[in-house]
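Chemist: A predicted structure for the sequence below; I have some questions about it.
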Amino acid sequence: MFIINCPYCGEREQSEFKAGGEAHIIRPKQPTELSDDQWAEYLFMRKNIKGIQFERWVHTHGCRKWFNVVRDTSNDDIKAIYKMGEKPPII
Amino acid sequence: MVKNLRVKTSKFIDETYKISFKFNGTTYYGYKGDTLASALLANDIHLVGRSFKYHRPRGIMTAGSEEPNAIVQLHNNTSRTEPNVRATEVEIYEGLEASSQNCWPSVNFDIGGINNFLSPVLPAGFYYKTFMWPASFWEKYEYFIRKSAGLGKSPTKPDPDIYEHKYIHCDVLVVGAGISGIMAAKTAAKNGFKTLLVDEKSYLGGSTIYQNSELFKINNQVSSSWLEKEINEIKKFANLEIRTRTSVAAFHGYNFLLARENLTDHLPLDQRNNKTRQRLLKIRAKKVITATGSLERPLIFDNNDRPGILLSSAIEKYANFFGVACGQKNILFTNNDSAYETAISLFQKGIHIEAIIDNREDIDSKLIKETEKNNIKIYKGYTIINTTGYKRINKIIIMQLSKDGQKVVGSKKSITCDCLGVAGGWTPAVHLFTQSGGKLKFRDEDQVFIPNKYPSDQISIGSCNGDFTLNEILSSIPEILKDFLNIKKTDYDNLEVQSSFNKSKRNIWLLPSDKIIGKTKPFVDYQNDATAKDIKLALREGFRSIEHVKRYTTTGMGTDQGKLGNMHALGIISETAGSKMGELGTTTFRPPYTPLTFGTIVGRNVGEYFDIFRRTPIHDWHIKNNAEFENVGQWKRAWYYPKNGENMHEAVQRESKAARDSAGILDASTLGKIDIQGTDASEFLNRVYTNAWSKLSIGKCRYGLMLNEDGMVYDDGVTTRLDENHYIMTTTTGGAATVLGKLEDYLQTEWPELDVYLTSVTDHYATISVCGPNSKKIVSTVIPDLDFSDESFPHMSFKNAKIDKIKCRVMRISFTGEHSYEINVQANYGKSVWEKCIEVGKEFNITPYGTETMHLLRAEKGFIIVGQDTDATMTPIDLQMDWIVSKKKYDFIGKRSLYRSDTIKEDRKQLVGLLTENPDEVLEEGAQIVADVKKTPVEMLGHVTSSYYSPNLKKSIALGVIRGGKNMLGQKLIIPMENKQINVTVADPVFLDKENKRLNA
Amino acid sequence: MLNYTNVITEEKSFSGLQMKEIRPVMKLIIRGKKREFLSAVGKSLNLLLPNEANTSSRSENLTAIWLSPDEWMIYSNVTIDSKNNDYETENLLNKSISKKNLGAVTDVTDQFVMINMKGDKIFDLFETGSPFNFNDFRNKKGSVTQTILAKIDVIIHNQNQNEVNLFVRRSFSQHLFSWMNDSASRL
């Protein structure tokens, strides 16, 4: 179990958080304009990388805020954490 | 004849404190400070168990947690019984009862021993190969194999002991309190780090603490005296916590370690009551210093497993620490200087040493000179080729080694003995390091794996880092610590060390014999009876990966995880396959390092605390009124209230009828309640529900369906507009937390521009639902100051009200189809309001009903329950709820998915009503629905989701999902059951009051 | 008259630890992001909301604890009248916050049960069931954390040396209190 440095509350154990999948998948502004394939791309397609992955996490049992985590999925090493709306760091 | 092999007083043993214990039914005596192993050895007992496969007699081999052979069952046939306990770790106490395992009828005469003579036909993989065919017979074979295999017996009674968990956060964790660990802990504590020092043993100081030889000195003091002073000093630090009898089981990423702290296992049984037996420590350390020491290696030769054969270092410990001689005629067999330390210790204690067999030829060191001075015969350049003695070693046979060490030369010589110590060099205990993700490197000169790359802020020091001699340890530690803790100096910067250890070693993984390999039994894994022959066989059969060889031969798979023999297995593979050790790698060391009891892992999460138990504000009333409870999520909900010995069916029929005929009352407090405020609240609801919300006037309620982005129904409930920018949303009981989480997610990540705030108020309110034709009379009496006329307070509307001076909210909403009110009052007044309703309702036979009746009543009306009539594959269209999906709204969560090619298919499963041909026949929920039972394979059209006998309609009703069901109204279908077929007709899912007249009755 | 129900009826005392529910204590959740929100709360209650994470502030009658960058809990320092649930503080905030669309004010008086704990074994108890690191927290008066205790969400407010207020959702409170007593009995 890793430690996540919540950008609002500070370092907490992983059990206080929930993972929310790949980050930076933006909900299309005009879903009705999309073809089935384009909508499916948004809905279902995820990268699931072994290595550096950009993910969303929420501090469920703390401040309930969502934020982004850059994590190496092969060893759980967290490279960066940044708030929603902030630019992803270059890693 | 009981012998006493206690040789000399040891300060670690309290000879004034005699303890009696039983081993295999016989009473023996030992002293306080003894382990079961040392006490048995003092009574001249070596034979403790039988091996796993061949049932060979086995004795105590080590003096620590690495013990493969001497594993026993404690307190057999009692609730406290524990299998596979290492006799070398059990501290004896008054009343201890231990018995041998894996033998029948006794350890001295074991029928299974016949396997030993059958061993030529029981090679590695025997079970796999023999019982593979025919496959269908495996179940029969397995029964017998399971019976003859297995070590201890698991307890059959509940565990009477208490276990706990404890989180510890420290700056520095030091694992192992040998000389290295003590030095590290003192240095860390002295520099202000909050430090935790743990050791699996009951005492501090590791093996140095009983090192009394003048040949090893620190600052001119015998090493044990020097260390004792250090130990006394560290006990004074307030920021240093010391936990003994604490074994680190697992070292995970981010310096998260699990350790088992043993609190009562050394106490007599009658002193353990109401105490915590073991504690699982969940340690979060900023920095970890691993000082887990090293394990002595055995040597691999024919019949190297007989009782009476021990590690040389164990013999030394039994003599020095416990004051016990393991034998009266001792022989040591070594490939390095370690055995000479043992020899000198034994000699000092007056224990006879017959000879030392050293496989090295040209050797010269202070230790050896000292040994020779004492007239101990040393056979240099020799190896043991065989031993004899069935239940105790009585003879060794030696021959000279060839120059290259590949074969034996010259003539055989036999020497009698009753104890043999083997010293094959040292293996750093890198188990925890590798568990943490650390990478090892192989050091060729002494053939050991040592830590190379650290995955977290940690360091290995002392002999687990490959520094085996006192000089090396004491000179390397100060530098390592300064660097690791970022400090300038340590107390140990200028230590004067005197050590007589010479590092020369002649490493031969499998010692040669005069016989061919097939004719010998050189054991590599003692517990699992894997020999060098088995490993070679595996290689011949094509296994190459060390992980595969391990599984095929079971090497390293016992309760000891092959702590002694794994290196030899690797060595033999490497030599046979011609690959390099460093490239071969090791098998994965998995947690736990030593076995953990289930109790420790579970901790207090048992019984009442197994799962969380949420109560409504009216819970006590339900209990008082004999409610049966149902688990809904973590809630305990009143299920039904049996009266006068009613069964569930009878109670539910009565409750359902009363609710429609006069009045029913339901505790709906578990429904999720979310307070929604903000100027964009209406827009937000528009986006999360399928229907439109902007035009809902203040004071009105509306039912909403919430979808996932994939278009599938996720949750439902009624939302009320309390004010211009203020709503209260209700969710399903089970969905409360996830709905709030999902809504927060959208607000924070997709629509941060919306001015909306969500606050859970689920627990703030008690929700009391009163339904039935007489509900208005009851509720208007409870709340006299409110206008209950249909004009002022119509269906789907809400009023603020007061009961006495207590503010509450009343909604006129219905989940039963009856005229119905829902009172939401602050939780601490909930029980009182409920009781008032019951009291007022008495004259109308107000009937409390539980969740089962609620389910029945709503099914009569064809109302869905999300999660029962839906799974994650039902769209609102599938539910025939097209009316709730707004066509006008540009977007809402899940909208686009409602016209994906898959969701618009005609033959999706759709919700329908089902009526049985025989109105008394109640369907089983989950039963399959088919059209044609003769067609093979039978085509499944769908299944029953809800089914009840309706007392109000006097017939059986059901809801189900059927492929293309929407267009099948009136069609006859079949529900095949185990011994009958039930004929059903597809019907409208609304069975009762289709015109909704009752809502205003 | 409606009866007020006590959730946790017992007061428990162990060596180094006393635990009891304090009731009724008014509790409000207030939420807002705008700068005017903070100043409006400050003005109407004469209480500065804590800006810093994991901290609290206190006036004569009220305590405000930080829950999230846009969320605070305000609770009354003394118990209130159990016969009335019309709170002056709530009305003040409704006027200055809700009516002016600056944020949200929600009554959570019965959403949470407040358990007052006293003694030098408070943190020993927490360590048997919470992954939170209390090392710094325990020495910092006024510190606040939201974490997990015995698998249940809790808010802990370090009120004083060896005194904390623990907030837990009402439906979990009896279960948690029972667990705390069980654990405390062996400290």
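Modeler: Cool, got the structure. Residues are numbered from 1 along each chain as shown, chains lettered A, B, ... in the order given.
Chemist: a strand runs through residue B:413, doesn't it?
Modeler: Yes: using DSSP: H, G, I helix; E, B strand; the rest coil, the assignment for residue B:413 is a strand.
Chemist: Which residues are in contact with it?
Modeler: B:397-399 (Cβ atoms under 8 Å, 6 or more residues apart in numbering or on different chains). C-betas here are computed from N, CA, C, even on glycine.
Chemist: list the contacts for the nearest residue to residue B:723 once chain neighbours are set aside?
Modeler: Nearest residue to residue B:723, sequence neighbours excluded (Cβ to Cβ, 6 or more residues apart in numbering or on different chains): residue B:698, at 6.0 Å. Each residue near residue B:698 by Cβ under 8 Å, 6+ apart is listed here: B:721-724.
Chemist: Distance check, residue B:32 against chain A.
Modeler: 40 Å (Cβ to the nearest Cβ, to the nearest Å).
Chemist: That residue - how many residues pack around it?
Modeler: Residues near residue B:32, counting by other Cβ atoms under 10 Å in any protein chain shown, number 17.
Chemist: likewise residue B:699?
Modeler: Close neighbours of residue B:699, defined as other Cβ under 10 Å, add up to 15.
Chemist: Residue B:410 now?
Modeler: When neighbours are counted by other Cβ under 10 Å, residue B:410 comes out with 12.
Chemist: Same question for residue C:106.
Modeler: Per other Cβ under 10 Å, the neighbour tally for residue C:106 reads 24.
Chemist: so it touches residue C:28, yeah?
Modeler: Yes: if you go by Cβ atoms under 8 Å, residue C:106 and residue C:28 touch, sitting 6.6 Å apart.
Chemist: coming back round to it: could you identify which of the contacts of residue B:413 has the most neighbours?
Modeler: When neighbours are taken as other Cβ under 10 Å, the top entry among the contacts of residue B:413 is residue B:398 (23 neighbours).
Chemist: Quick check: which ranges of chain C have low pLDDT?
Modeler: By pLDDT under 70, chain C has no low-scoring segment.
Chemist: for residue B:823, what are its contacts?
Modeler: By Cβ under 8 Å, 6+ apart, the neighbours of residue B:823 are B:767-770, B:779, B:782-783, B:808-810, B:833, B:837.
Chemist: and with 7 Å instead?
Modeler: By Cβ atoms under 7 Å, 6 or more residues apart in numbering or on different chains, the contact list for residue B:823 reads B:768, B:779, B:808, B:810, B:833.
Chemist: Please name the bridge partners of the residue nearest to it when sequence neighbours are not counted.
Modeler: Leaving aside its sequence neighbours, residue B:823 sits nearest to residue B:768 (Cβ to Cβ, 6+ apart; 4.6 Å). With DSSP bridges applied, residue B:768 shows beta-bridge pairing to residue B:667, residue B:823.
Chemist: Which residues are in contact with residue B:768?
Modeler: By Cβ under 7 Å, 6+ apart, the contact list for residue B:768 reads B:665, B:667, B:823, B:830, B:833-834, B:837.
Chemist: cutoff 8 Å now
Modeler: Shown in contact with residue B:768 (Cβ under 8 Å, 6+ apart): B:618, B:665-669, B:822-825, B:830, B:833-834, B:837.
Chemist: Can you give me the buried ones in the longest strand belonging to chain C?
Modeler: Secondary structure of chain C per DSSP state E: the longest strand is strand C:152-160. Under the neighbour-count criterion of 16 or more other Cβ atoms under 10 Å in any protein chain shown, strand C:152-160 has C:152-159 buried.
Chemist: Which one of the residues you listed is nearest to chain A?
Modeler: Lowest distance from chain A to those (Cβ to the nearest Cβ) belongs to residue C:153, with 5.3 Å.
Chemist: how about stretch C:62-69, does it reach chain B?
Modeler: No: Stretch C:62-69 lies apart from chain B when judged by Cβ under 8 Å from any Cβ of the partner chain; the minimum separation is 10.3 Å.
Chemist: How far does that stretch sit from its chain's centre?
Modeler: With Cα atoms, centre = their mean, to the nearest Å as the basis, stretch C:62-69 stands 9 Å off its chain's centre.
Chemist: Okay, buried residues for that stretch please.
Modeler: Buried residues in stretch C:62-69 (16+ other Cβ under 10 Å): C:62-68.
Chemist: Just the strands from chain A, written as ranges.
Modeler: Counting by DSSP E, chain A has these strands, from start to end: A:3-6, A:10-13, A:18-22, A:52-58, A:66-72, A:77-83.
Chemist: so how many other residues sit close to residue 63?
Modeler: Just so you know, I chose chain A. Residue A:63: 24 surrounding residues under other Cβ under 10 Å.
Chemist: ah, I was thinking of chain B
Modeler: When neighbours are counted by other Cβ under 10 Å, residue B:63 registers 27.
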